[in-house]
Structures are given as C-alpha cells and as structure tokens.
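Participant: based on what follows, work out the 3D shape:
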Amino acid sequence: MNDLTGQVVLVTGGGRGVGRGLALALGSAGARVVIATRRVEPGEAVVAELEAAGADGLAVGCDVSRLAEVRAAVAAAVDRFDRLDHIVHNATSARSSEVADLASLDPGVWEEHSAVALRALHHLAREAGRHLVAARGSLLVLTSPAGVEGSGTLPLYATVKAGQRGFVKALAREWGPSGVRVNGLAPLAVSPALANAFLENVELEARLAAATPLGRVGDPATDIGPAAVFLCSGAARYITGQTLVVSGGRFTAL
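Facilitator: Purely as a prediction, here's the structure:
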C-alpha cells in the first residue's frame, strides 16, 4: 500500500535538508520525483542521487512565490512524465530561522514568509489541481510544530505555518468530493539551519535529544520520508484534512 511505483511527485524545496530527504524516500518507494528549487543546481544534485539509486527524477528551477514559475514547473513535470499525482510543498523562506520579536519585524520579512508558505500554496493548488483530480492524488504540506503551539522567537514562521494548517483543512473539504486528499506533515528533523546551529552550539543537539522521548532528532530521509510516502500512498486513502506530527514524541498537541 506504500508503493508509489509509476506515480509522479513534485517536491518544492527538494534540493537540500528535509526536502532532499523526502525526495529520496519518495524515489525509494518507486515515485518519479520532480525537484523544484529556486536554484536548479541543488535539485540536479538530488536527481543524480535518485538516479544512482535506480529512481527517475527531474530538476526544475522554480521560485514558488511566482505564479508563472509554478505554472512552468507543473507543465515541465507533466510534459516529462505525462501525469502528476502528488505535490509536496516543502519550500520555506530563507529567513525562517531568524529570531525576532513580532513588533519590530520589517513588513518585508512578513511578505517573504507569507509568499513562500501561503501564496505558493495557492499557486500550486491553482496550477496542479486538475492534474491531481485526474490522478485522484494528494497535496502534502510540510508545516511545523511551531504552527501548532506557536513560537516566542519565530513569530512569523509560526504564524504562516499555522496558516498552512488552515489551508489544509479548507482545501481538504473542497477537494474531497473530487477524490484528492490534502494533509499536513509537521516534522522535527535535522535541517541545514539546525545542523549549523549544532556546530555553533555543541550542547544543542544533546539538549534537543534529551527533550525528545525517542532520544534523537529525526533524519529527513529515514524518519520523515516514510511518513510522507505513507500520506501520499494508497495506505492513507481515507485520511484528509489532518496534520501528522512526526517529532519523536516531543510535540503531541494538535
């Protein structure tokens, strides 16, 4: 039931970190994976990894905040593979990990966060919707535990991630009668930003692990990837409008 053989998945922000791990896991499950990244070179590197493992992939340059570029990425996926079954929206603002207080944030920072997290979701739904309906596929949104419980240091990130959960719930109701599922996935995993933080603070990884019931921070490919495969697969055929928290037990409230 977790087999995605022959299905086509477009992963935004799939060139590194969690997105790369998701792409590799989806490829291992048999999917043909389209990596959409702002700079195409990281996506091409992941496609090389997919192909080395026997999977099929395609890298496309795409700024997800721009409708025309989303339209072109979707068209490239369909032109290459003749179908599009799933969208995994993983891309985030490059400023997502910046610590700030809400009152002093520049409006431009809000625009950057909302453009990638929320406006891009509308672009993806608009451009890919008919293909997902034809495939009776799914849209999976990478949100965050910060969107569930808030954050005192990352207020805009928490806000747009909570907005994504609202989008998931609303679109799941709209698209349900067409057979398309819409879900969220909120991971705790090692990202490039977190890896850099570990280097700067040698005690941070141990503290995070100690605060997590399963005793470690998740690996994007082996811990988070299988959850994404599940939510895209037929095994999740009766699940929609939900956010699955994959955090080793650290975050449990919904």
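
Participant: isn't residue 12 up against residue 90?
Facilitator: Yes. Judged on Cβ atoms under 8 Å, residue 12 makes contact with residue 90 at a distance of 5.5 Å. The way it works is simple: take the backbone N, C-alpha and C, and place the C-beta from them, glycine included.

Participant: I'd like to know which helix or strand in this protein has the lowest mean pLDDT.
Facilitator: When the helices and strands of the chain are compared on mean pLDDT, DSSP states H and E, helix 192-200 comes out lowest with a mean of 69.

Participant: which helices and strands does the next helix or strand after that one pack with?
Facilitator: Past helix 192-200, further along toward the C-terminus, the next helix or strand under DSSP states H and E is helix 204-210. In this structure, helix 204-210 packs against helix 192-200, with contacts taken as 3 or more Cβ pairs under 8 Å, 6 or more residues apart in numbering; DSSP states H and E.

Participant: I'd say residue 167 and residue 119 touch.
Facilitator: No. If you go by Cβ under 8 Å, residue 167 and residue 119 don't touch, sitting 10.8 Å apart.

Participant: more neighbours: which of these two?
Facilitator: The residue with more neighbours, out of residue 167 and residue 119, is residue 167; 21 against 17, by other Cβ atoms under 10 Å.

Participant: what lies in contact with the strand or helix carrying that one?
Facilitator: Assessed by DSSP H and E, residue 167 sits inside helix 155-175. Residues outside helix 155-175 that contact it (Cβ atoms under 8 Å, 6 or more residues apart in numbering): 92-93, 96-97, 100-102, 105, 109-110, 113-114, 117-118, 121, 125, 129, 132-133, 139, 141, 143-144, 146-148, 150-151, 181-184, 186, 240-243.

Participant: list the buried residues in that helix.
Facilitator: Within helix 155-175, the residues that qualify as buried are 155-165, 167-169, 171-172, 175, counting by 16 or more other Cβ atoms under 10 Å.

Participant: what's the nearest residue to residue 251 if we skip its chain neighbours?
Facilitator: In space, residue 251 comes closest to residue 145 once its chain neighbours are excluded; the distance is 3.8 Å by Cβ to Cβ, 6 or more residues apart in numbering.

Participant: burial count for residue 213?
Facilitator: Every residue meeting other Cβ under 10 Å relative to residue 213 is counted, giving 9.

Participant: if we can go back for a sec, now the helix holding residue 167: how far from the chain's centre is it?
Facilitator: Centroid displacement of helix 155-175 relative to its chain, using Cα atoms, centre = their mean, to the nearest Å, is 13 Å.

Participant: and stretch 59-69, by the same measure?
Facilitator: Relative to the centre of its chain, stretch 59-69 is centred 15 Å away, using Cα atoms, centre = their mean.
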